[in-house]
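Q: Okay, structure incoming, though there's no sequence with it:
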Ligand SMILES: Nc1ncnc2c1ncn2[C@@H]1O[C@H](COP(=O)(O)OP(=O)(O)OP(=O)(O)O)[C@@H](O)[C@H]1O
Ligand SMILES: Nc1ncnc2c1ncn2[C@@H]1O[C@H](COP(=O)(O)OP(=O)(O)OP(=O)(O)O)[C@@H](O)[C@H]1O
Ligand SMILES: [Mg+2]
Ligand SMILES: [Mg+2]
């Protein structure tokens, strides 16, 4: 690792400076309740955090564990029904909770700022960006002209290429990445003592995310601001934070320097979390991912002792009787567990990839292997095009896509937002009709483009699991009805028979019977997604399209869903078209991978090949942008600028505008064909594969082989 | 025969208090409110109060039928019939100049006017009075100052047919084009000329310098303001923005009646409501039933309650107490439930029946309808009310409804009332009453030239109608007008004319 | 945005055409023969029948529609059956009057309503909010003619502060006219206040809850500035649309008020012509009311698009 | 695009509005803790906690009671007795709490009995409009395309004419009667409601459960009425109650103008129409009490819809 890239070194430095000034933020045993229908519900159950000057502190934890609440408590911006019932918050020594409104305002003007998820909505849609930024200066009493100048400066600092243009823009005219930069610029305007970032990159593309994160760490160095960085994504935290605190059910369960935490987690929950995440390069063949059984306790749930006891594999009676304190388990490393020393012996919730696992594994890899290439493809797309017309201009969402999906295999589909992944899926399903001339074949026979013209078999054979179960399940229907209807409609089942099938089906997706009569609102995200999966499998499909089925879920739940999909595939011999942003996940589950950019396939090939390299420059960039936890990684390959508009794609190779390996003329003038660079590995690039190999071999990103199933354990 | 002499210059409005009598000072202008004309203000076609009140300002008639239903000479200085009343001779006033200041009135103008209104081709509203009486070729001038009308049939009341009662017949120059727009010129022999007209808001009149009655009118002018509704008029008078309300219904005017600061004029009239029952259809084809219904009404209550006492009892014939011709010796029909019930059973409807009463939503008519409904309920007649707007009622239901209430404006003589709604050939015969005996009686009545003869026939008609009861005449209501006490000399007729020739602000 | 406006305009015109169809065929379901309308209730039946034939009210509807519409486009709205004068000579003065009245009402109610909405949103769920909301609900509830009557009795008849009619004498000064119009205007204000306040409140609350408002607050801006600079602009956008729609409905409300105050406006004319079955006038009135409404909405959309950058500038993506 | 649930929104909203706060907590129940109260029961509890809603409901119930038992509980015959005319326009007294009208009829009785007419007409009319409007709204919103374009234009055209005027037009055409009033008001409301429903359907249409249904090749009618309709029932219910309020308003106005319900119905609007002329004589009781009745009913209805809206909307 180069010191430039990894903040950890900075951390020690921060530790040093910490002794100098007072800590930027000290939260001491913060307790906060939400009053709901007159009942006080504990949301934060005593959280203590200390952030030194210039230090960046990561707060991680599953959704709903109280991260944002802590953040807003620090901002003193709480919901009306929120009550701080204990503890103190000190900012640079000053007691926040004691402050009067006016003091608080000055503090917000000068010392405290926050960046949160969804920059789109955090900028005022009807005020020019410039004015919004300079406003931050004007509050400080700077006159108009001056503040505008500084605003321009600030925007430049957040690496916005031409600030003057942007200042004239309205938020909606900027891309998500730009918007977030602007927000960050506003936040840093006052050169704050503490900058709180609540999921600042959630919702952005991996590439954009990577840039923003780089920006954050570089700005940190420049401004020496302390950062409270909130994320559910350990990889992200790993990238920008010196120290990390793991929050669970409003309780801090472990806290340590970043590397230490990932190398040597000492709380079963942390251990569990880390195991849920597919290791870089691990494959479904290596066996199922580990999961954390059960659900986190709800806000206000009465908790006797250890908050994690109910889900803990190591639980003993003591855990249910006495709450463990934060044990010091290493230098600057604390864990709230009676058995912190045995934390890593936490038994797997899922059976490890033993005999069956490998058996399945080989089977899995066989399907993926080129060996299968000769067998008749399940789906064949031949120069599929889709053009949307939106007030006047045309958006080419799919540009002659030609790929095949083989029976029982998983084709991973990756690409930045807007690259056409969903459109491709919808086209296959017949919900979106492709342009004329496109060919879609199913088992060798042409597949009608409109669902209405498809035979029941064909309809049954192609099903989908949408990204958000909240949207894909009818809120007003019970699970039984949702699944049942699918059965009736797809396989014409009725009465008893149908009931039976409902039971077997839901059992196979690990839904217990009581859930059957619940409505989606009453189920957790994971359960909902299982229902969606059950519905997709109602008519034993041949191909299930999974459009980011886990991206809305917490990692522990994601793991469970992935396992489920894998095992279903094994049982039903179903093929998947698996769309995801998370390369780790895609790699874990896919046999082959297709990379999409502006509606074009840039690269297709077996997972190992595509990830192992040599890769298409775009793939290369995606890979280097992927936030990964452990081990070495190559230098970040930056992608300049935003994804060009699909309405007016660049000439020649559509990627040339951002290509790190840009050749020149040729790239600008002629579009490279999707050619077979090596057996079973197609690529759309002018650079010969050997050269690519040469360029990239200098710094090969780690392949799974190295620490596939090891990295969790202490070395 | 009645040919009174020259008009008495200070003819005050009888029957109604006019403080200070004629003692009014010259000059000043006032505002008179009037219900807006139902249609275009066209001498031929006007058929409503708003219209006729407008016509009656710049326009004048041969004779003026005053509030006592006696004729006063106007354009005609005098008149006389031949022996059987089939030929009438009118002496036309000389030296009358139209309000255009130039045109002189001649007998030819009168002839032209009468021809125009009596010509069926013109489809004038006056036809309803002239049909069967006068036809164009029956009118001729003798010299410049005499007009002779030769009637189709003898008619003792003919002078009334050319009086203000036949309100369309204002005397216009022979040159006048009846197809044209009267409201452009408002030409006429009257004391006023139009200075501004708006079919929506009303007319502004100024004194006509060339008016033939010396020293009249007193006022410099007045504005006739149109209102869609009576209520604003009442409020306006109370509040002072209006000086005279030409006409209001006793019900609406409740406030005015017991307001000491307002002068109310109650002019006896023959205006009334007719409750017709279709005599040619069940259930009202039996006269017992019709009588029963008539008997169920408590008329004194109607008069005192509904009309605030500003009405005369009706006796189920057109002969209103206001008419000199009426024979008042015929016993008044009074409420008698038990008798009514008997009649019901005689009529074979001992336990009642259902019937729909059609009428329209104006004046006190809906209330009357409801009171009739109440009354009928006592003898097990269940009345369902269908209250339409005027046009729907008159165009769809009036002449073919089992039962209905129709409003009849004032007439100076009962002739029209006797003919149109009751003759077998009557054009407004909503009751579909066909009784040859009655028809002949009406014939006799019309022909009768002097009052006693007329009254004699009247008695027979009254008795006959009382027995047949094709139509219930519950009451004849007074024509109600009101003004500020500071205004005197305004004359009103039951017809709805308002004459301001001698009106003015009290000195 | 040019395209946006063009499209908007095109739609308006299309709507207009449909409107004319509705109006025409709507009115031609009317019973009661034209001749009767002209000659009046007591007119001789033969006369009526005769006239009907002359007026050719027996031609097929489509033909009649065409003659009418083509007339309208030539600016000739036909002649009134009841008044025997050109419809336009009746219509446009009336329209002008109504617009005067509507204007006065608006000048009073729009600021009031918006203010009310803002205040109640800022004191959300507190007493003030409830008070304003309830007041709004109630004022909306009472039909304007009831309010009008009460106002007349109190202020015109008893206190004699205002005239009972809204019709100022011809040629009276602006001030006098205003004096005449105030009472009916207030009656209308009652009806509209609650509605505008309600929408404003909704818009405000949405804006207050928006992330960008939070951003502004966390910038350390004082509450007042936050509201003035960040909340209002976004909050008032929806209100504009509402105000526009209300103009249309306001004119609907004018019927009762104008009749009550004997004000020679479009509503009054419409009422009369409806009573008299004066088709040409009735049609023209309804058509005009519709047109006014359409214009209002178009204007609103223009303003809206001017204030809303999303429409003013297309998106970058 | 990745979109994660953002409970912090729940947070802020929750602070704002107790109703949504509850949903925030629903959000929590998601993560499968013991209590699984459904959204519906939740809403109900919340409604019962809103005093304005309670008051509104009580008043409405009161009038419904009057509508049903009016004739029995009315102290006098609302049509009056023969001779009652002699007691006309008597001010409120111990015999006649609300005084008597111009035919000597007991105003109180007429107000009580009058509730039936207005309620029945208003409810039926609104129901009619809601059913039609919902059907159209669903169709245009879901099917979209040219159907949407065409129908929307037509609806716009209708919406350009104020309710009262459209009402006058139609009533003059068909002749006044309760039935026609119902038909007319129902008809006039259809486009308004259709528009609201359409607006509610559009976002639903984008929801993926619709796509999922299409993937099963469901019939359109099924998608509209079984899949989408239940999800827009909230807005529809709210719209319905709001419209009831406006229906009453419109009916009364039409009646006042003489195009609505006709005598001798004890309809409130009719009472006002026939009695307001006496106001100038300071005879306020026959007008005031019906007016108050109308106000109380419409306000109550609005309170109810307001309550529902706060619970159902978004
Ligand atoms: N219905 C539509 N109308 C117009 N353009 C559309 C439509 N659907 C998608 N597009 C455009 O097509 C392109 C591809 O969209 P698509 O949703 O397939 O991308 P994606 O890869 O799924 O993005 P994400 O990762 O955000 O889901 C985008 O530019 C999008 O704007
Ligand atoms: N105003 C509120 N009223 C009631 N409960 C609330 C409120 N705000 C938040 N909560 C609950 O408190 C818990 C903590 O919320 P918080 O937003 O801090 O979680 P989080 O860790 O930020 O989750 P995520 O990662 O999804 O943002 C959640 O269960 C949330 O539902
Ligand atoms: Mg959060
Ligand atoms: Mg997508």
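A: Yep, that arrived. From a predicted model like this one, the values you see are computed outputs, not experimental measurements. Numbering: from 1, shown residues only, chains lettered A, B, ... in the order given. Ligands and ions are numbered 1, 2, ... in the order given.
Q: Now for residue B:361: which residues touch it?
A: Neighbouring residues of residue B:361 by C-beta atoms under 8 Å, 6 or more residues apart in numbering or on different chains: B:387, B:388, B:389, B:390, D:258, D:262, D:263. C-betas here are computed from N, CA, C, even on glycine.
Q: Most neighbours of all these, which one?
A: Counting neighbours by other C-beta atoms under 10 Å in any protein chain shown, residue B:387 leads those with 26 neighbours.
Q: what's the spacing between residue A:494 and residue A:66?
A: As defined by C-beta to C-beta, to the nearest Å, residue A:494 lies at a distance of 48 Å from residue A:66.
Q: if you count what's nearby, which of those two comes out ahead?
A: A side-by-side neighbour count of residue A:494 and residue A:66, using other C-beta under 10 Å, places residue A:66 first with 25 against 10.
Q: Show the pLDDT at the closest residue to residue A:542 other than its chain neighbours.
A: Nearest non-adjacent residue to residue A:542, counting by C-beta to C-beta, 6 or more residues apart in numbering or on different chains: residue A:461, 4.2 Å away. pLDDT for residue A:461: 91.
Q: Next: residue B:483.
A: Reported pLDDT for residue B:483: 91.
Q: what about it, neighbour count?
A: Neighbour count for residue B:483, taken as other C-beta under 10 Å: 26.
Q: now the contacts of residue B:361 in JSON lines, with secondary structure?
A: Supplementary listing: the contacts of residue B:361 in JSON lines, determined by DSSP: H, G, I helix; E, B strand; the rest coil:
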{"residue": "B:387", "secondary structure": "strand"}
{"residue": "B:388", "secondary structure": "strand"}
{"residue": "B:389", "secondary structure": "coil"}
{"residue": "B:390", "secondary structure": "helix"}
{"residue": "D:258", "secondary structure": "coil"}
{"residue": "D:262", "secondary structure": "coil"}
{"residue": "D:263", "secondary structure": "coil"}
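Q: Now for these: which two are most distant?
A: B:390 and D:263 (14.7 Å; C-beta to C-beta).
Q: if we can go back for a sec, any chance of the contacts of residue B:361 in CSV, with distance to ligand 1 and pLDDT too?
A: Compiled in CSV, the contacts of residue B:361 are given as follows (distance: C-beta to the nearest ligand atom, whole Å; pLDDT from 0 to 100):
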residue, distance to ligand 1, pLDDT
B:387, 58, 84
B:388, 56, 80
B:389, 54, 74
B:390, 59, 76
D:258, 53, 79
D:262, 54, 75
D:263, 59, 74
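Q: Closest one of those to residue A:121?
A: Nearest member of these to residue A:121, counting by C-beta to C-beta, is residue D:258, at 53.3 Å.
Q: Surely that closest one is in contact with residue D:273?
A: Yes - if you go by C-beta atoms under 8 Å, residue D:258 and residue D:273 touch, sitting 6.8 Å apart.
Q: measure residue A:175 to residue A:169 for me?
A: In terms of C-beta to C-beta, residue A:175 sits 11 Å off from residue A:169.
Q: swap in residue A:451?
A: 41 Å.
Q: Over to residue A:518?
A: Going from residue A:518 to residue A:169 by C-beta to C-beta gives 46 Å.
Q: Quick check: residues of the stretch 201-350 of chain B near chain C?
A: B:201, B:227, B:228, B:229, B:231, B:232, B:235, B:236, B:238, B:239, B:240, B:241 (C-beta under 8 Å from any C-beta of the partner chain).
Q: got the contact list for the third one?
A: Remark: with contacts taken as C-beta under 8 Å, 6+ apart, residue B:228 is in contact with B:35, B:36, C:259, C:262, C:268, C:271, C:272.
Q: residue of the stretch 151-300 of chain D with the smallest distance to chain C?
A: Residue of the stretch 151-300 of chain D nearest chain C, by C-beta to the nearest C-beta: residue D:162 (2.3 Å).
Q: what about that residue, how many neighbours?
A: 27.
Q: List phi and psi for it.
A: phi -60, psi 150 (degrees, to the nearest 10).
Q: Isn't it up against residue C:286?
A: No - Residue D:162 is beyond contact range of residue C:286, at 9.3 Å (criterion: C-beta under 8 Å).
Q: what residue ranges in the stretch 501-650 of chain A are flagged as low confidence?
A: A:629-636, A:641 (pLDDT under 70).
Q: can you map out the strands along it?
A: A:543-547, A:575-579, A:592-597, A:600-606 (DSSP state E, counting those that start in this stretch).
Q: The one residue in the stretch 1-150 of chain C that gets nearest to ligand 1 - how many residues pack around it?
A: Of all residues in the stretch 1-150 of chain C, the one sitting closest to ligand 1 is residue C:3 (16.7 Å; C-beta to the nearest ligand atom). For residue C:3, the neighbour count with other C-beta under 10 Å is 10.
Q: do residue D:220 as well
A: 13.
Q: Identify the residues contacting it.
A: D:142, D:143.
Q: in the stretch 51-200 of chain C, which spans are helices?
A: Counting by DSSP state H, counting those that start in this stretch, the stretch 51-200 of chain C has helices at residues C:61-73, C:87-122, C:127-141, C:144-151, C:174-209.
Q: The next helix or strand after the last one packs against which elements?
A: Read it as helix C:174-209. Remark: after helix C:174-209, the chain's next helix or strand is helix C:211-219, criterion DSSP states H and E. If you count contacts as 3 or more C-beta pairs under 8 Å, 6 or more residues apart in numbering or on different chains; DSSP states H and E, helix C:211-219 packs onto helix A:101-110, strand A:112-116, helix A:119-122, helix A:176-189.
Q: what about helix C:211-219 and ligand 2, any contact?
A: No - judged by C-beta under 6 Å from any ligand atom, helix C:211-219 makes no contact with ligand 2; its nearest approach is 13.5 Å.
Q: re earlier: out of the helices of the stretch 51-200 of chain C, which comes closest to residue A:679?
A: From those, taking C-beta to C-beta, the stretch that ends up closest is helix C:174-209, at 57.3 Å.
Q: Leaving out sequence neighbours, find the closest residue to residue 260.
A: No chain in the question, so chain A it is. Residue A:260 sits nearest to residue A:333 (C-beta to C-beta, 6+ apart), 5.5 Å away.
Q: wait, chain C
A: In space, residue C:260 is closest to residue C:148, 4.7 Å off (C-beta to C-beta, 6+ apart).
Q: Wait, the one you found touches residue C:255, no?
A: No - counting by C-beta under 8 Å, residue C:255 is not a contact partner of residue C:148; they are 11.7 Å apart.
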